[in-house]
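Participant: Okay, structure incoming, though there's no sequence with it:
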(Lines give C-alpha, C1' and ligand atoms only; values in the text may rest on other atoms or scores of the structure.)
Protein backbone atom coordinates (compact mmCIF):
# COMPACT_ATOMS: atom_id res chain seq x y z
CA UNK A 1 0.00 0.00 0.00
CA UNK A 2 2.84 2.40 0.74
CA UNK A 3 4.27 1.64 -2.70
CA UNK A 4 1.10 2.06 -4.78
CA UNK A 5 -0.36 4.92 -2.70
CA UNK A 6 1.84 7.73 -4.10
CA UNK A 7 1.28 6.41 -7.63
CA UNK A 8 -2.50 6.35 -7.23
CA UNK A 9 -2.43 9.79 -5.60
CA UNK A 10 -0.43 11.25 -8.48
CA UNK A 11 -2.78 9.70 -11.03
CA UNK A 12 -5.80 11.19 -9.23
CA UNK A 13 -4.25 14.67 -9.12
CA UNK A 14 -3.30 14.55 -12.81
CA UNK A 15 -6.55 13.11 -14.16
CA UNK A 16 -9.32 14.06 -11.71
CA UNK A 17 -9.04 16.71 -9.04
CA UNK A 18 -6.84 17.00 -5.96
CA UNK A 19 -9.93 16.90 -3.71
CA UNK A 20 -10.41 13.25 -4.68
CA UNK A 21 -7.16 12.37 -2.90
CA UNK A 22 -9.21 12.79 0.28
CA UNK A 23 -12.60 11.53 -0.92
CA UNK A 24 -11.13 8.24 -2.15
CA UNK A 25 -10.32 7.33 1.46
CA UNK A 26 -14.00 7.15 2.42
CA UNK A 27 -14.92 3.91 0.62
CA UNK A 28 -11.57 2.38 1.56
CA UNK A 29 -12.16 3.30 5.20
CA UNK A 30 -15.72 1.94 5.21
CA UNK A 31 -14.48 -1.32 3.70
CA UNK A 32 -11.71 -1.57 6.33
CA UNK A 33 -14.20 -1.02 9.17
CA UNK A 34 -16.54 -3.72 7.81
CA UNK A 35 -13.75 -6.27 7.40
CA UNK A 36 -12.31 -5.52 10.84
CA UNK A 37 -15.77 -5.79 12.43
CA UNK A 38 -16.33 -9.28 11.08
CA UNK A 39 -12.83 -10.73 10.90
CA UNK A 40 -10.94 -9.24 13.83
CA UNK A 41 -10.69 -11.77 16.71
CA UNK A 42 -13.36 -11.12 19.34
CA UNK A 43 -12.01 -10.84 22.86
CA UNK A 44 -13.78 -10.75 26.21
CA UNK A 45 -14.29 -7.20 27.41
CA UNK A 46 -12.04 -6.23 30.29
CA UNK A 47 -12.97 -3.36 32.56
CA UNK A 48 -10.34 -0.66 32.39
CA UNK A 49 -9.68 2.64 34.08
CA UNK A 50 -11.47 5.76 32.79
CA UNK A 51 -10.12 7.44 29.66
CA UNK A 52 -7.54 10.09 30.53
CA UNK A 53 -9.44 12.99 28.92
CA UNK A 54 -7.59 15.59 30.99
CA UNK A 55 -4.25 14.24 29.78
CA UNK A 56 -5.42 14.32 26.16
CA UNK A 57 -6.68 17.91 26.40
CA UNK A 58 -3.59 19.25 28.18
CA UNK A 59 -1.23 17.47 25.78
CA UNK A 60 -2.98 18.90 22.71
CA UNK A 61 -3.09 22.32 24.38
CA UNK A 62 0.65 22.18 24.96
CA UNK A 63 1.59 20.97 21.48
CA UNK A 64 -0.69 23.20 19.37
CA UNK A 65 0.79 26.60 20.34
CA UNK A 66 4.30 25.12 20.17
CA UNK A 67 3.68 24.09 16.56
CA UNK A 68 2.18 27.49 15.76
CA UNK A 69 5.32 29.14 17.11
CA UNK A 70 7.43 27.09 14.69
CA UNK A 71 5.05 27.97 11.84
CA UNK A 72 4.62 31.71 12.43
CA UNK A 73 7.90 32.64 14.13
CA UNK A 74 10.00 35.04 12.09
CA UNK A 75 7.41 35.26 9.28
CA UNK A 76 3.87 36.06 10.40
CA UNK A 77 5.09 37.35 13.78
CA UNK A 78 8.46 38.43 15.13
CA UNK A 79 10.05 35.93 17.51
CA UNK A 80 9.89 38.45 20.38
CA UNK A 81 6.35 39.59 19.62
CA UNK A 82 3.53 39.45 22.17
CA UNK A 83 1.84 36.68 20.18
CA UNK A 84 4.93 34.45 20.19
CA UNK A 85 5.69 35.05 23.86
CA UNK A 86 2.05 34.47 24.80
CA UNK A 87 1.85 31.15 22.96
CA UNK A 88 5.17 30.04 24.46
CA UNK A 89 3.92 30.82 27.97
CA UNK A 90 0.59 29.05 27.36
CA UNK A 91 2.37 26.00 25.94
CA UNK A 92 4.67 25.81 28.98
CA UNK A 93 1.75 26.08 31.40
CA UNK A 94 -0.19 23.37 29.56
CA UNK A 95 2.85 21.09 29.56
CA UNK A 96 3.16 21.46 33.33
CA UNK A 97 -0.58 20.74 33.62
CA UNK A 98 -0.12 17.64 31.42
CA UNK A 99 2.64 16.31 33.69
CA UNK A 100 0.48 16.92 36.76
CA UNK A 101 -2.54 15.23 35.14
CA UNK A 102 -0.50 12.17 34.11
CA UNK A 103 0.87 11.71 37.63
CA UNK A 104 -2.69 11.51 39.01
CA UNK A 105 -4.37 9.57 36.19
CA UNK A 106 -5.24 5.92 36.87
CA UNK A 107 -4.63 5.06 33.20
CA UNK A 108 -2.45 7.88 31.79
CA UNK A 109 -2.00 8.62 28.10
CA UNK A 110 1.77 8.58 28.66
CA UNK A 111 2.81 6.53 31.73
CA UNK A 112 5.93 8.22 33.05
CA UNK A 113 7.28 5.07 34.70
CA UNK A 114 8.11 3.78 31.20
CA UNK A 115 10.97 6.28 31.12
CA UNK A 116 12.68 4.33 33.92
CA UNK A 117 13.73 1.94 31.15
CA UNK A 118 16.57 3.62 29.26
CA UNK A 119 15.91 1.67 26.05
CA UNK A 120 12.39 3.09 25.91
CA UNK A 121 13.62 6.62 26.63
CA UNK A 122 16.45 6.50 24.10
CA UNK A 123 14.29 4.79 21.48
CA UNK A 124 11.57 7.42 21.85
CA UNK A 125 14.17 10.18 21.50
CA UNK A 126 15.65 8.46 18.45
CA UNK A 127 12.24 8.12 16.78
CA UNK A 128 11.47 11.78 17.50
CA UNK A 129 14.78 12.98 16.03
CA UNK A 130 14.52 10.81 12.93
CA UNK A 131 10.91 11.85 12.34
CA UNK A 132 11.85 15.54 12.58
CA UNK A 133 14.59 15.16 10.00
CA UNK A 134 12.85 12.68 7.71
CA UNK A 135 9.17 13.62 7.59
CA UNK A 136 9.99 17.31 7.93
CA UNK A 137 12.04 17.19 4.73
CA UNK A 138 10.56 14.46 2.57
CA UNK A 139 7.17 16.15 2.66
CA UNK A 140 8.63 18.73 0.28
CA UNK A 141 10.11 16.16 -2.10
CA UNK A 142 7.03 16.01 -4.41
CA UNK A 143 7.12 19.81 -4.71
CA UNK A 144 10.77 19.61 -5.77
CA UNK A 145 10.15 16.82 -8.27
CA UNK A 146 7.22 18.64 -9.88
CA UNK A 147 8.02 22.35 -9.65
CA UNK A 148 11.81 22.12 -10.03
CA UNK A 149 12.45 18.99 -12.09
CA UNK A 150 9.26 19.36 -14.11
CA UNK A 151 7.66 15.98 -13.42
CA UNK A 152 3.93 15.35 -13.49
CA UNK A 153 2.16 14.33 -10.27
CA UNK A 154 1.91 10.75 -11.55
CA UNK A 155 5.60 10.54 -12.40
CA UNK A 156 6.60 12.10 -9.08
CA UNK A 157 4.56 9.38 -7.39
CA UNK A 158 6.47 6.77 -9.39
CA UNK A 159 9.82 8.30 -8.45
CA UNK A 160 8.99 8.19 -4.71
CA UNK A 161 8.28 4.44 -4.83
CA UNK A 162 11.99 3.50 -4.31
CA UNK A 163 11.86 5.21 -0.91
CA UNK A 164 9.24 2.70 0.22
CA UNK A 165 10.97 -0.20 -1.51
CA UNK A 166 14.24 0.57 0.30
CA UNK A 167 12.39 0.74 3.60
CA UNK A 168 10.70 -2.60 2.92
CA UNK A 169 14.01 -4.28 2.05
CA UNK A 170 15.74 -3.49 5.34
CA UNK A 171 12.61 -3.68 7.48
CA UNK A 172 11.75 -7.19 6.28
CA UNK A 173 15.34 -8.45 6.16
CA UNK A 174 16.07 -7.14 9.67
CA UNK A 175 12.96 -8.94 10.90
CA UNK A 176 14.29 -12.24 9.56
CA UNK A 177 17.81 -11.65 10.86
CA UNK A 178 17.09 -10.19 14.31
CA UNK A 179 17.55 -13.52 16.07
CA UNK A 180 21.07 -13.74 14.69
CA UNK A 181 22.18 -10.13 14.69
CA UNK A 182 20.09 -8.53 17.42
CA UNK A 183 18.71 -5.03 16.92
CA UNK A 184 21.84 -3.03 17.73
CA UNK A 185 23.67 -3.32 14.36
CA UNK A 186 20.57 -2.11 12.51
CA UNK A 187 20.10 0.84 14.87
CA UNK A 188 23.72 1.91 14.38
CA UNK A 189 23.81 1.41 10.60
CA UNK A 190 20.48 3.07 9.79
CA UNK A 191 21.12 6.76 10.65
CA UNK A 192 24.36 7.14 8.63
CA UNK A 193 22.83 5.42 5.60
CA UNK A 194 19.74 7.59 5.77
CA UNK A 195 21.78 10.77 6.31
CA UNK A 196 23.96 9.90 3.30
CA UNK A 197 20.86 9.49 1.12
CA UNK A 198 19.42 12.82 2.27
CA UNK A 199 22.72 14.57 1.65
CA UNK A 200 22.76 13.16 -1.88
CA UNK A 201 19.22 14.51 -2.36
CA UNK A 202 20.60 17.94 -1.48
CA UNK A 203 22.81 17.77 -4.60
CA UNK A 204 19.83 17.54 -6.98
CA UNK A 205 18.88 20.46 -9.24
CA UNK A 206 16.54 21.24 -12.11
CA UNK A 207 18.71 19.44 -14.65
CA UNK A 208 19.29 16.29 -12.58
CA UNK A 209 18.52 12.89 -14.08
CA UNK A 210 15.43 11.30 -12.44
CA UNK A 211 17.54 8.15 -11.94
CA UNK A 212 19.62 10.12 -9.43
CA UNK A 213 16.49 10.96 -7.41
CA UNK A 214 15.44 7.30 -7.55
CA UNK A 215 18.79 5.97 -6.30
CA UNK A 216 19.11 8.58 -3.55
CA UNK A 217 15.60 7.84 -2.27
CA UNK A 218 16.36 4.13 -2.26
CA UNK A 219 19.34 4.85 0.02
CA UNK A 220 17.17 6.95 2.34
CA UNK A 221 14.61 4.14 2.48
CA UNK A 222 17.25 1.53 3.31
CA UNK A 223 18.34 3.58 6.32
CA UNK A 224 14.77 4.28 7.40
CA UNK A 225 13.72 0.63 7.31
CA UNK A 226 16.75 -0.40 9.37
CA UNK A 227 15.89 1.92 12.22
CA UNK A 228 12.22 2.81 12.55
CA UNK A 229 10.74 -0.55 13.53
CA UNK A 230 13.82 -1.72 15.45
CA UNK A 231 13.70 1.14 17.94
CA UNK A 232 10.29 -0.21 18.92
CA UNK A 233 11.49 -3.84 18.87
CA UNK A 234 14.30 -2.94 21.28
CA UNK A 235 11.82 -1.39 23.73
CA UNK A 236 9.28 -4.21 23.40
CA UNK A 237 12.03 -6.69 24.19
CA UNK A 238 12.57 -5.29 27.70
CA UNK A 239 8.98 -4.37 28.52
CA UNK A 240 6.61 -6.60 30.50
CA UNK A 241 4.07 -8.24 28.22
CA UNK A 242 1.14 -6.30 29.64
CA UNK A 243 2.88 -2.97 28.90
CA UNK A 244 3.95 -3.69 25.33
CA UNK A 245 0.85 -2.01 23.95
CA UNK A 246 1.24 1.25 25.85
CA UNK A 247 5.01 1.30 25.25
CA UNK A 248 4.53 0.82 21.51
CA UNK A 249 1.82 3.46 21.24
CA UNK A 250 3.84 5.92 23.34
CA UNK A 251 6.85 5.55 21.06
CA UNK A 252 4.57 6.00 18.05
CA UNK A 253 3.31 9.19 19.70
CA UNK A 254 6.86 10.58 19.87
CA UNK A 255 7.39 9.66 16.21
CA UNK A 256 4.15 11.42 15.24
CA UNK A 257 5.02 14.51 17.27
CA UNK A 258 8.46 14.59 15.68
CA UNK A 259 7.00 14.33 12.19
CA UNK A 260 4.46 17.07 12.86
CA UNK A 261 7.06 19.34 14.42
CA UNK A 262 9.45 18.62 11.57
CA UNK A 263 6.98 19.52 8.83
CA UNK A 264 6.06 22.70 10.69
CA UNK A 265 9.64 23.71 11.44
CA UNK A 266 10.98 22.97 7.96
CA UNK A 267 8.02 24.74 6.39
CA UNK A 268 9.10 27.89 8.22
CA UNK A 269 12.73 27.34 7.24
CA UNK A 270 11.74 26.83 3.61
CA UNK A 271 9.79 30.07 3.42
CA UNK A 272 12.54 32.02 5.15
CA UNK A 273 15.17 30.59 2.80
CA UNK A 274 12.91 31.23 -0.19
CA UNK A 275 12.70 34.95 0.60
CA UNK A 276 16.50 35.11 0.77
CA UNK A 277 16.98 33.17 -2.49
CA UNK A 278 14.42 35.24 -4.39
CA UNK A 279 16.14 38.40 -3.24
CA UNK A 280 19.40 37.12 -4.77
CA UNK A 281 18.07 35.55 -7.98
CA UNK A 282 15.26 37.83 -9.16
CA UNK A 283 16.02 40.96 -11.20
CA UNK A 284 15.83 44.17 -9.22
CA UNK A 285 12.22 45.23 -8.62
CA UNK A 286 10.79 41.92 -9.88
CA UNK A 287 9.83 40.73 -6.40
CA UNK A 288 7.06 43.31 -6.31
CA UNK A 289 5.44 41.52 -9.27
CA UNK A 290 5.09 38.25 -7.37
CA UNK A 291 1.72 37.54 -5.74
CA UNK A 292 3.45 35.75 -2.83
CA UNK A 293 6.87 34.74 -1.52
CA UNK A 294 5.51 31.51 -0.01
CA UNK A 295 7.53 28.59 -1.42
CA UNK A 296 4.55 26.29 -1.92
CA UNK A 297 2.52 29.10 -3.46
CA UNK A 298 5.27 29.94 -5.94
CA UNK A 299 5.72 26.26 -6.72
CA UNK A 300 2.01 25.99 -7.51
CA UNK A 301 2.33 28.96 -9.86
CA UNK A 302 5.04 27.11 -11.79
CA UNK A 303 2.78 24.05 -11.99
CA UNK A 304 -0.27 25.95 -13.25
CA UNK A 305 0.05 26.76 -16.97
CA UNK A 306 -2.49 29.60 -16.77
CA UNK A 307 -0.73 31.31 -13.85
CA UNK A 308 2.80 30.76 -15.11
CA UNK A 309 1.84 32.23 -18.51
CA UNK A 310 1.37 35.61 -16.81
CA UNK A 311 4.97 35.63 -15.53
CA UNK A 312 7.98 36.31 -17.81
CA UNK A 313 10.13 33.25 -18.51
CA UNK A 314 13.23 34.81 -16.91
CA UNK A 315 11.34 35.34 -13.66
CA UNK A 316 9.97 31.79 -13.80
CA UNK A 317 13.51 30.43 -14.05
CA UNK A 318 14.61 32.62 -11.15
CA UNK A 319 11.72 31.26 -9.05
CA UNK A 320 12.62 27.68 -10.02
CA UNK A 321 16.28 28.22 -9.07
CA UNK A 322 15.27 29.81 -5.76
CA UNK A 323 12.88 26.96 -4.99
CA UNK A 324 15.53 24.39 -5.89
CA UNK A 325 18.15 25.98 -3.64
CA UNK A 326 15.66 26.33 -0.78
CA UNK A 327 14.43 22.72 -0.81
CA UNK A 328 17.89 21.20 -1.25
CA UNK A 329 19.00 23.32 1.71
CA UNK A 330 16.31 21.53 3.74
CA UNK A 331 17.63 18.15 2.58
CA UNK A 332 21.10 19.04 3.89
CA UNK A 333 19.70 20.21 7.25
CA UNK A 334 17.58 17.05 7.47
CA UNK A 335 20.66 14.90 6.89
CA UNK A 336 22.39 16.49 9.89
CA UNK A 337 19.32 16.02 12.12
CA UNK A 338 18.87 12.38 11.11
CA UNK A 339 22.54 11.69 11.82
CA UNK A 340 22.03 12.95 15.39
CA UNK A 341 19.85 9.91 16.09
CA UNK A 342 23.05 7.84 15.84
CA UNK A 343 23.83 9.11 19.35
CA UNK A 344 20.70 7.52 20.82
CA UNK A 345 21.29 4.34 18.80
CA UNK A 346 24.83 4.02 20.16
CA UNK A 347 23.65 4.52 23.75
CA UNK A 348 20.94 1.84 23.61
CA UNK A 349 22.27 -1.22 25.39
CA UNK A 350 22.31 -4.58 23.66
CA UNK A 351 19.90 -7.08 25.23
CA UNK A 352 19.33 -10.59 23.83
CA UNK A 353 15.87 -11.04 22.35
CA UNK A 354 13.26 -12.75 24.50
CA UNK A 355 12.41 -16.31 23.65
CA UNK A 356 8.81 -17.30 23.00
CA UNK A 357 8.78 -19.04 26.40
CA UNK A 358 9.92 -15.88 28.19
CA UNK A 359 7.22 -13.87 26.44
CA UNK A 360 4.27 -16.18 27.03
CA UNK A 361 5.25 -17.48 30.47
CA UNK A 362 5.72 -13.96 31.83
CA UNK A 363 9.37 -14.37 32.76
CA UNK A 364 10.99 -10.96 32.71
CA UNK A 365 14.65 -10.44 31.99
CA UNK A 366 16.32 -8.72 34.96
CA UNK A 367 17.87 -5.29 34.75
CA UNK A 368 21.69 -5.15 34.82
CA UNK A 369 22.91 -6.20 38.28
CA UNK A 370 19.64 -7.83 39.34
CA UNK A 371 19.15 -11.54 39.94
CA UNK A 372 16.91 -13.35 37.47
CA UNK A 373 13.54 -14.43 38.78
CA UNK A 374 10.64 -16.30 37.23
CA UNK A 375 7.16 -15.14 38.12
CA UNK A 376 3.64 -15.82 36.94
CA UNK A 377 2.19 -13.64 34.25
CA UNK A 378 -0.31 -12.13 36.66
CA UNK A 379 2.51 -11.03 38.96
CA UNK A 380 4.49 -9.21 36.29
CA UNK A 381 4.59 -5.44 36.73
CA UNK A 382 6.54 -2.59 35.21
CA UNK A 383 9.95 -1.68 36.55
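Facilitator: Cool, got the structure. All figures in this text were calculated on a predicted structure; none of them were measured in a lab.

Participant: For residue 5, give me phi and psi.
Facilitator: Phi and psi for residue 5, reported as degrees, to the nearest 10, are phi -60, psi -50.

Participant: so what's it up against?
Facilitator: By CB atoms under 8 Å, 6 or more residues apart in numbering, the contact set of residue 5 is empty. The way it works is simple: take the backbone N, C-alpha and C, and place the C-beta from them, glycine included.

Participant: Ok, residue 347 next?
Facilitator: Residue 347 neighbours (CB under 8 Å, 6+ apart): 118, 122.

Participant: and if you look at residue 281?
Facilitator: Shown in contact with residue 281 (CB under 8 Å, 6+ apart): 318, 321-322.

Participant: What is the burial count for the spatially closest residue to it that is not a sequence neighbour?
Facilitator: Using CB to CB, 6 or more residues apart in numbering and skipping residues adjacent in sequence, the residue nearest residue 281 is residue 318, 4.4 Å away. Close neighbours of residue 318, defined as other CB atoms under 10 Å, add up to 21.

Participant: Tell me the spacing between residue 318 and residue 298.
Facilitator: Going from residue 318 to residue 298 by CB to CB, to the nearest Å gives 10 Å.

Participant: Pull out the buried residues from whichever helix or strand the residue nearest to residue 281 is part of.
Facilitator: In the assignment (DSSP states H and E), residue 318 maps to helix 313-347. Residues of helix 313-347 classed as buried by neighbour count (16 or more other CB atoms under 10 Å): 315, 318-331, 333-335, 337-342, 344-345.

Participant: Check stretch 83-97 too.
Facilitator: Within stretch 83-97, the residues that count as buried by 16+ other CB under 10 Å are 84, 87, 91, 94-95, 97.

Participant: How about stretch 216-226?
Facilitator: 216-226.

Participant: That stretch - what's its average pLDDT?
Facilitator: Averaged over stretch 216-226, pLDDT sits at 92.

Participant: On the three-state scheme, residue 205 is what?
Facilitator: coil (DSSP: H, G, I helix; E, B strand; the rest coil).

Participant: hang on, it packs against residue 327?
Facilitator: No: in this structure, residue 205 is not within contact of residue 327 by CB atoms under 8 Å, at 10.3 Å.

Participant: list the residues that contact both of these two?
Facilitator: Joint contacts of residue 205 and residue 327 (CB under 8 Å, 6+ apart) are residue 148.

Participant: wait, isn't residue 54 in contact with residue 105?
Facilitator: Yes: between residue 54 and residue 105 there is a contact at 7.1 Å, judged by CB under 8 Å.

Participant: The stretch 51-200 of the chain: helices as residue ranges?
Facilitator: 53-72, 82-104, 118-138, 141-143, 153-159, 161-181, 184-201 (DSSP state H, counting those that start in this stretch).

Participant: give me the number of residues near the residue nearest to residue 11 when sequence neighbours are not counted?
Facilitator: Leaving aside its sequence neighbours, residue 11 sits nearest to residue 154 (CB to CB, 6+ apart; 5.0 Å). Using other CB under 10 Å, residue 154 has 18 neighbouring residues.

Participant: Repeat that for the one 3 residues further on.
Facilitator: Using other CB under 10 Å, residue 157 has 24 neighbouring residues.

Participant: Would you mind measuring from it to residue 259?
Facilitator: In this view, residue 157 and residue 259 are 20 Å apart by CB to CB.

Participant: Check residue 153 too.
Facilitator: Taking CB to CB, one finds residue 153 at 22 Å from residue 259.

Participant: pLDDT averaged over the helix or strand harbouring residue 38 - what is it?
Facilitator: Following DSSP H and E, one finds residue 38 within helix 25-39. Mean pLDDT, helix 25-39: 91.

Participant: The helix holding residue 318 to helix 184-201, inter-axis angle?
Facilitator: On the basis of axes from the mean of the first three to the mean of the last three CA atoms, to 10 degrees, helix 313-347 is oriented at 170 degrees to helix 184-201.

Participant: OK, contacts around residue 62?
Facilitator: 91-92, 94-95, 97-98.

Participant: again with residue 87
Facilitator: By CB under 8 Å, 6+ apart, the neighbours of residue 87 are 65-66, 68-69.
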